[in-house]
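Q: I need the structure of the sequence given here:
(one chain, ligands or ions: 2)
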Amino acid sequence: MRTGIATVSISGNLEEKIEAIAAAGFDGIEIFEQDFIADIRSPRAVGQRIRDAGLDVMLFQPFRDFEGLPGALRTKAFDRIERKFDVMAELGCDLVLVCSSCHPEAVGGIDRAAADFAELGKRAAARGLRVGYEALAWGRHVNDHRDAWEVVRRADHPNVGLILDSFHTLARGIDPETIRRIPGDRIFFVQLADAPKIDMDLLYWSRHFRNMPGEGDLNVTAFMQAVSATGYNGPISLEIFNDQFRGGSPGTIAQDGYRSIVALMDEVRRIEPEVALGLPELPAPVTVRDTAFVEFAAQGADLAALETLLACLGFRRAGRHVSKSVWIWQQGDIRIILNAETEGHAGTAWNARGTTVCDIGLTVGSAADMIARAKALGVKPFSQPLGPGEMPLPAIRGLGGSVMHFIDDGALAQVWDVEFLPEDGDERGVGLTRVDHIAQTMTYDEMLSWSLFYTTLFDMAKAPMVDVIDPDGLVRSRAIATPGGAFRITLNGAETHRTLAGSFLAGGFGGSVQHIALATDDIFATAAALRERGFEALPLSPNYFDDLAARFDLSPDTLARMREENILYDADGAGEFFQLYSRPFAGQLFVEIVERRAGYTGYGAPNAPFRIAAQKRLQRPKGMPSA
Ligand code: MG
Ligand code: MG
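A: Ligands and ions are numbered 1, 2, ... in the order given. Next comes the predicted model:
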């Protein structure tokens, strides 16, 4: 399998794009004409530069409004493409994409278009070039790959083939299975793009909202399965028009693109094992069994405050590291690690952000498989010098400077006994059992990268995007979870610093964990135990509880206790959800305590606006004197 990406998919000038594409691991590049025209170098120099970067010039695109033109317009179209053939020869590119015509004077008719392509094939062959025909979803007469294929079939010239683009097929709801009928050697090129399901004009949707395979809602996997079944063995290339990507970091977007292709083709290989894709084998998406630990970097007064909070939450100090200023706090299956080291990753994280979650540990089936899959997806392994008595725990670099460690049933499971000296802390818990979910805040532009990171590495599925209304702006939220819910992440994308999530970002130099949610089997018993320990819940508006009484069939007794303990409530078709929040600590971090009943799968999203308003009330009211 050879991978490619269109220059239009990422930001920067042509040189920056070439560098980012080569660094991400692609084999080739599609030159989008505008990127080339904007460059100052000659076609020959650009072609050489691309090859020097280790990339093939796979495709030159797009050539528009070619087929079906009458008289002088037809002659002009042929003259125009001959000029492009000149450029291609200089660039060292042998394939041009001709997209179906949108010209107002183009005349329909399969045979008429086929005749134009037969003639074009002759001219291309004379120069050693090839022509690929792509059906645009909004083409004037041809807007379906089946019609484009019929044009190519009737043109019957070896230098004329079909170009498939997953967006154009899937956006129009055309069954990708129809691709299986096309001979693989007549397909010259395959472009991939996903997109969120939005009901809008096809052209506008395509030009602004495409995203990487796996980031959207289109069934790109089914499309690629059908393509693979034809025996096609040409390049698989990304052609992504996306407003966010145009303004994003070229390196990150190129990396995401490469990751999305590798994960997609791996998925296709698993579903259609009989299809030979010439792919290196990589371990399956990893099953996460549980959150092994959440580690905070904290020092000084913040460290003391965090210790007080953990004690108040019923955690006991269970161990101290053999050689470092690191402690384990434990309750049920939850391990919180406090790391006060001034050096290494935790020290760096502390310097950059202050008190922060610097590391997440996950329990997986095989840590070795985990690392192998991560490497294949272009995720960087993480390591730092080991201190005395430390075990090398496999780890990767997440996004935004985050780190994830992995523990499995092998020798790694011994890490707690090997690295930590037990301490006899207070044993009284408040009934917290495990980590329910971890909530990460990031800019809205970074959300797709994060969701791709989780869904390609792990066996996790994404829930639909939810809008969360902050009094000062909108926050988009998306949950990603393993099938049984053993590991759940919520991603919160802020667009303005005025939202609670946005001000967290502004204060912390980028995205990171803003809250962790801990599970209990009995939230009322937990709330009572917490109160006894002096825990102060986030105080909610009385109006919230009046509204609950109107919306849900809750007993007056239950409702009174919820009001008293500041417990929020939600229900879905399956079950019920109870939530309780801490007040903010160390800036804008907070802890949530949840009880899920009878298979509730959400995160209490309808309550988020009231929780955020309550959190903002605790901050200094706007325009009010501070005293
Ligand atoms: Mg295309
Ligand atoms: Mg939450």
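Q: use CA for all of it now, contacts and neighbours both
A: Will do.
Q: where does pLDDT dip in the stretch 201-350 of the chain?
A: Scanning the stretch 201-350 of the chain for pLDDT under 70 picks out no residues.
Q: for the chain, same thing?
A: 509, 620-627.
Q: quick one, strands of the stretch 251-400 of the chain?
A: With strands called from DSSP state E, counting those that start in this stretch, the stretch 251-400 of the chain shows them at 288-297, 316-321, 326-331, 334-339, 356-364, 395-397.
Q: who wins for proximity to Thr601 among those?
A: strand 288-297 (16.6 Å; CA to CA).
Q: any chance you could list what contacts the closest one?
A: 334-341, 346-347, 349-350, 354-365, 407, 434-435, 458-459, 482, 486-487 (CA atoms under 8 Å, 6 or more residues apart in numbering).
Q: domains in the chain, by residue range?
A: 3-271, 288-422, 432-617 (automatic domain parsing).
Q: figure out which of those is closest to Glu281.
A: Closest among the domains of the chain, once you apply CA to CA, is domain 3-271, at 7.8 Å.
Q: what's the helix or strand where Phe78 lies packed up against?
A: Assessed by DSSP states H and E, Phe78 sits inside helix 71-91. Under the contact criterion of 3 or more CA pairs under 8 Å, 6 or more residues apart in numbering; DSSP states H and E, helix 71-91 touches helix 43-52, strand 56-63.
Q: so which of those gets nearest Ala605?
A: Nearest to Ala605, of those and by CA to CA, is strand 56-63 at 43.4 Å.
Q: contacts for that closest one next, please.
A: Against strand 56-63 from outside (CA under 8 Å, 6+ apart): 4, 27-33, 47, 50-51, 81, 88, 91-99, 235.
Q: buried members of those into ChimeraX, please.
A: Per 16 or more other CA atoms under 10 Å, the buried members of the contacts of strand 56-63 correspond to this ChimeraX selection:
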select :4,27,28,29,30,31,32,47,50,51,81,88,91,92,93,94,95,96,97,98,99,235
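Q: so what does the closest residue to Thr441 other than its chain neighbours look like in phi/psi?
A: Leaving aside its sequence neighbours, Thr441 sits nearest to Asn492 (CA to CA, 6 or more residues apart in numbering; 4.7 Å). Main-chain dihedrals, Asn492, degrees, to the nearest 10: phi -120, psi 120.
Q: burial measure for Asn492, as a count.
A: 29 (other CA atoms under 10 Å).
Q: so who does Trp138 touch?
A: Taking CA under 8 Å, 6+ apart as the test, what Trp138 contacts is Cys102, Leu202, Leu203.
Q: so the last one is in which element?
A: It refers to Leu203. helix 202-209.
Q: for that helix, the distance to its chain's centre please.
A: 20 Å (CA atoms, centre = their mean, to the nearest Å).
Q: next structured bit after that helix?
A: Using DSSP H and E, the first helix or strand after helix 202-209 is helix 220-229.
Q: helices and strands around that next one, which ones?
A: helix 166-171, helix 250-271.
Q: could you redo the last one with a cut-off of 7 Å?
A: Helix 220-229 sits against helix 250-271, with contacts defined as 3 or more CA pairs under 7 Å, 6 or more residues apart in numbering; DSSP states H and E.
Q: for the helix it packs on, name the packing helices and strands.
A: Helix 250-271 packs on helix 14-24, helix 220-229, going by 3+ CA pairs under 7 Å, 6+ apart.
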